[in-house]
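**Q** Give me coordinates for this.
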Amino acid sequence: MTLRHRPVALPLIHASALTLAVLCLAVTLWTGIDDRGAALAFGVLVAVGELTRWSGPEGREAAPLAAAGALSYALLGENGGHPTLPQALDSARTGGTPTGVAQIVAVVLAASLLGSVPHIARGQGPALDQSARRVLTVGFAAVCFQPLYGKGVFDGWPGHAYALLLVALLALTALCDAVLAAALARSRTGWPFGPLLRDELRALLGIGSAVCATGAVMALAVAVVGLWALPVFCLPLLLTQVSLRRYAAVRATYRQTIASLARATETAGCTPAGHARRVAALSRAVGRDMGLSEPELNVLEYAALMHDIGQLSLVDPVPAGATAVLPAAQQRRIALLGGAVVRQTGVDGAVAVVVERQADPYREQPVAARIVRAVNAYEEKARDAGPGGPLTALEELRLGTAGEYAPEVVEALARVLSRDCLTLPLVG
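**A** Down below sits the predicted model:
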């Protein structure tokens, strides 16, 4: 019997974030808010960032402006050339820091919740994972910077060294956030931690780097010219977010086009309704389990959607579109016809390669083609084998690992089916 995955990291991270948030709110309510002008300005910035929050497939950070504002507040030392708080303040009140770690976390949390009210009213409130990550990463950055700044460790540092310090702290914070995101995803899905972390780190090169750069620039600019720098230096990040939204819309249209092409075989009666979508969804899950990266998963999904498109070129349709039972030569002919069709549509050439080679001997196939072949065979066999179809189909695939199906793909498929409790094929 396969033991289900226990999400150990999920409650641990949530409990840590909740403890930190409650503690910081309690301390701030007890001691009061110092430097209220800075707290208000950064709170408004974070709230506006949350108001413009979005969920897109092209970026892990849903509210980049809020993230940049929160991080810059955590690394704020001066405001217009003056310390944000008088250095003579009682250290018991401020925690030995100019602004106080507790106040920073409390202000960011309150502003994030305030900015999320319209989203919550529409039933689109922030995910608990994102809120936990925001609290922990802001707290981490503030703890790394504020105590040392309050003790005067950075007094006398040249400007370029101080700027490099902020960038290094933000990079370290972004790395911690990537680890948290991968751990949370691992706990929720059971997918391998390594590939998830790799995808998170790759995402840092996009919007993540813009968030870190904007956070550092805003902290440095406020230290020199004051809070008026905030609206000026947040504009580039807002424009970047708009560009990402447009790019995501283009990618969504691209995927819809591929899905429409895949439905052509269903419309023509070549394959059962929903077959391509089921194969694509299960192929992506198997690819995740095997550790494929996000770009590789996209190619795999597109190829799975279009894996039967070669049947449109046949004079005599295959009964029920079941190509797994056909002779090897006929399977290769259909695969080559499908690859030719894919190339004519202008889809990525990597997708056409997977479609063309899905019927080759598995030892000669790329990984994506191995997955599409095995998952397609499973879906066809499970569909036609009655109530016990899934188990029967999986057993047939295991018996075929000697020559037809890659053993590692079949085992990954078995893990996905066991983990997700898929005792029946996905419905269309």
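**Q** contacts and neighbour counts: CA atoms only from here.
**A** Fine.
**Q** Which residue ranges of this structure form strands?
**A** Ranges of strands in the chain, per DSSP state E, are 78-79, 82-83.
**Q** Leaving out chain neighbours, which residue sits closest to residue 135?
**A** residue 17 (6.0 Å; Cα to Cα, 6 or more residues apart in numbering).
**Q** weakest of the strands of the chain by average pLDDT?
**A** For the strands of the chain, the weakest mean pLDDT is recorded on strand 82-83, namely a mean of 62.
**Q** Do you have the helices of the stretch 1-150 of the chain handy? List them.
**A** With DSSP state H, counting those that start in this stretch as the criterion, the stretch 1-150 of the chain has helices at 9-31, 36-51, 64-74, 91-94, 101-115, 117-121, 128-150.
**Q** do the same with the stretch 251-400 of the chain
**A** Remark: helices assigned in the stretch 251-400 of the chain by DSSP H, counting those that start in this stretch are 275-289, 294-305, 328-345, 349-356, 367-384, 389-399.
**Q** pLDDT on stretch 231-238, on average?
**A** Summarised as a single mean, pLDDT over stretch 231-238 is 84.
**Q** tally of neighbours for residue 160?
**A** Counted with other Cα atoms under 10 Å, the neighbours of residue 160 add up to 8.
**Q** Next one, pLDDT for it please.
**A** So residue 160 comes in at 83 (pLDDT).
**Q** Check the spacing between it and residue 220 real quick.
**A** For residue 160, the distance to residue 220 equals 11 Å [Cα to Cα, to the nearest Å].
**Q** do the same with residue 199
**A** Shown here: residue 199 relative to residue 220, a distance of 30 Å by Cα to Cα.
**Q** So between those two, which is more surrounded?
**A** Shown here are residue 199 and residue 220; by other Cα under 10 Å, residue 220 has more neighbours (24 against 17).
**Q** Show the contacting residues for the more buried one.
**A** By Cα atoms under 8 Å, 6 or more residues apart in numbering, the contact set of residue 220 is 76, 163.
**Q** any weak-confidence spans in this protein?
**A** Scanning the chain with the threshold set as pLDDT under 70 gives 1-7, 55-61, 80-99, 124-126, 315-317, 319-322, 325, 384-388, 420-428.
**Q** switch the cut-off to 50
**A** Applying pLDDT under 50 to the chain flags the ranges 1-4, 57-59, 85-98, 422-428.
**Q** Residue 229 against residue 219, yeah?
**A** No. Contact criterion Cα atoms under 8 Å: residue 229 and residue 219 do not qualify, at 9.1 Å.
**Q** the more surrounded of these two?
**A** Neighbours were counted for residue 229 and for residue 219 using other Cα under 10 Å; residue 219 has more, 27 against 18.
**Q** Name the nearest residue to the more buried one, sequence neighbours excluded.
**A** Per Cα to Cα, 6+ apart, closest to residue 219 is residue 72, 4.9 Å.
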